[in-house]
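> everything below, folded, please.
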Amino acid sequence: MAGLSLTFLGTGTSVGVPVIGCDCPVCTSADPRNQRLRSSVLVRAGDIAVLVDSGPDLRAQALREKIMAIDAVIYTHAHLDHVAGFDELRAFCWRKDGPLPLHATDECLETLKTMFGWAFSEQNVFKGYVKPDGRIIDGPIFYGDLKITALPVEHAAVKTVGFLFEYPGSRSIAYIPDVKRIPEETFTRIQGVDVLVVDALRPLPHPTHFCLDEALNAAREIGARETWLTHLGHENEHATLDGQLPSGVRVAWDGLRIEL
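Have a look, this model is predicted:
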């Protein structure tokens with residue numbers, strides 16, 4: 001049985017890097033690790049492929065990683081940088097006999113239905129369109145032996161979750177790309193997780209995201225054996241930031257694949 005892996009489709013913040021109109025050293029850097037599409041990951045477990053979020057860069061990400069099919073999409077929240085590539089999901093519906101499962105909180109699913117009402121309409125009977133099967137997250141999600149548990153966190157004013165992925169014979173991984181505060185219940189659930197992927201927007205504090213120190217503090221409190229920073233703005237130069245981090249903490253980049 002093939003193991004668990006996570007591929008970073010994008011590691012950037014809501015505006016991506018380079019930022020439009022910016023000529024700072026990071027935005028003009030020749031290091032490809034400083035080019036960051038909007039945050040998203042693909043999780044594979046054996047023959048199962050699960051996409052986390054459908055951001056505005058989904059087409060480019062899927063082409064780069066040669067993603068041919070997915071079994072489901074799970075959503076962290078309904079901010080545009082996590083849902084605006086919704087229509088690109090049609091490519092993953094062409095090869096399916098049934099609708100594509102979309103797992104989200106009740107709030108996120110309602111937003112998707114409002115934004116993309118045509119897709120959820122009973123009149124959506126034409127071939128080639130997105131065929132969504134919206135499912136409210138109300139407990140662990142299972143695809144084969146892959147167990148996915150939603151991790152409630154606080155981020156801005158929207159209901160937001162991260163996800164814990166567990167698969168027999170593989171290390172566990174918690175993915176929390178957008179967070180300002182981790183509630184005690186979630187802290188307890190991921191204590192000692194093998195791998196943590198966490199929001200680290202910029203060095204200075206931000207009202208709705210972890211800054212670098214907050215991300216490092218969370219990693220220490222959780223006791224993660226390995227931590228990867230994501231959802232990074234152009235205040236972060238990859239090599240410089242990576243070189244100043246404590247042991248066990250690294251900066252993720254677009255296209256990085258973690259074998260678990």
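
> all contacts plus neighbour counts: C-alpha atoms, from now on.
Will do.

> any idea how far the spatially most central residue of the chain lies from residue 5?
Centroid-nearest residue in the chain: residue 40, 3.6 Å away (criterion: CA atoms, centre = their mean). As judged by CA to CA, to the nearest Å, residue 40 and residue 5 stand 14 Å apart.

> ok, now residue 101?
Counting by CA to CA - residue 101 and residue 5 are separated by 20 Å.

> please identify which of these two sits among more neighbours.
residue 5 (20 against 17; other CA atoms under 10 Å).

> for residue 80, what are phi and psi?
phi -60, psi -40 (degrees, to the nearest 10).

> count of neighbours near it?
As a burial measure, residue 80 scores 13 neighbours (other CA under 10 Å).

> excluding sequence neighbours, find me the nearest residue to it.
Distances taken as CA to CA, 6 or more residues apart in numbering place residue 55 nearest to residue 80, at 7.1 Å, with adjacent residues excluded.

> my read is residue 61 is in a helix, agree?
Yes. Counting by DSSP: H, G, I helix; E, B strand; the rest coil, residue 61 is part of a helix.

> what number of residues are in the vicinity of it?
So residue 61, with other CA under 10 Å, has 22 neighbours.

> please apply the same query to the one 3 residues further on.
By the measure other CA under 10 Å, the count of residues near residue 64 is 12.

> how much space between it and residue 10?
According to CA to CA, residue 64 and residue 10 sit 11 Å apart.

> list the contacts of stretch 151-161.
75-78, 105, 107-108, 150, 162-164, 176, 178-183, 186, 207-209 (CA atoms under 8 Å, 6 or more residues apart in numbering).

> try 6 Å this time
Stretch 151-161 is contacted from outside by 76-77, 150, 162-163, 179-182, 186, 208, using CA atoms under 6 Å, 6 or more residues apart in numbering.

> of those residues, grab the buried ones for PyMOL.
Only the buried entries of these go into this PyMOL selection, using 16 or more other CA atoms under 10 Å:
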select buried, resi 76+77+150+162+163+179+180+181+182+186
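
> using a markdown table, lay out the contacts of stretch 151-161 together with secondary structure.
Below are those laid out as a markdown table (three-state DSSP):
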| residue | secondary structure |
| --- | --- |
| 76 | coil |
| 77 | coil |
| 150 | strand |
| 162 | strand |
| 163 | strand |
| 179 | coil |
| 180 | coil |
| 181 | strand |
| 182 | coil |
| 186 | helix |
| 208 | coil |
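
> quick one: contacts for residue 2?
residue 46.

> looking at the contacts of stretch 151-161, which is nearest residue 45?
residue 163 (14.7 Å; CA to CA).

> contacting residues for the closest residue to the closest one other than its chain neighbours?
The shortest distance from residue 163 to any non-neighbouring residue, by CA to CA, 6+ apart, is to residue 150 (4.6 Å). Listed by CA under 6 Å, 6+ apart, the contact set of residue 150 reads 161-163.

> with distance to residue 28 and pLDDT added, can I get those in CSV?
Shown next, in CSV, are those (distance: CA to CA, whole Å; pLDDT from 0 to 100):
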residue, distance to residue 28, pLDDT
161, 33, 98
162, 31, 98
163, 33, 98
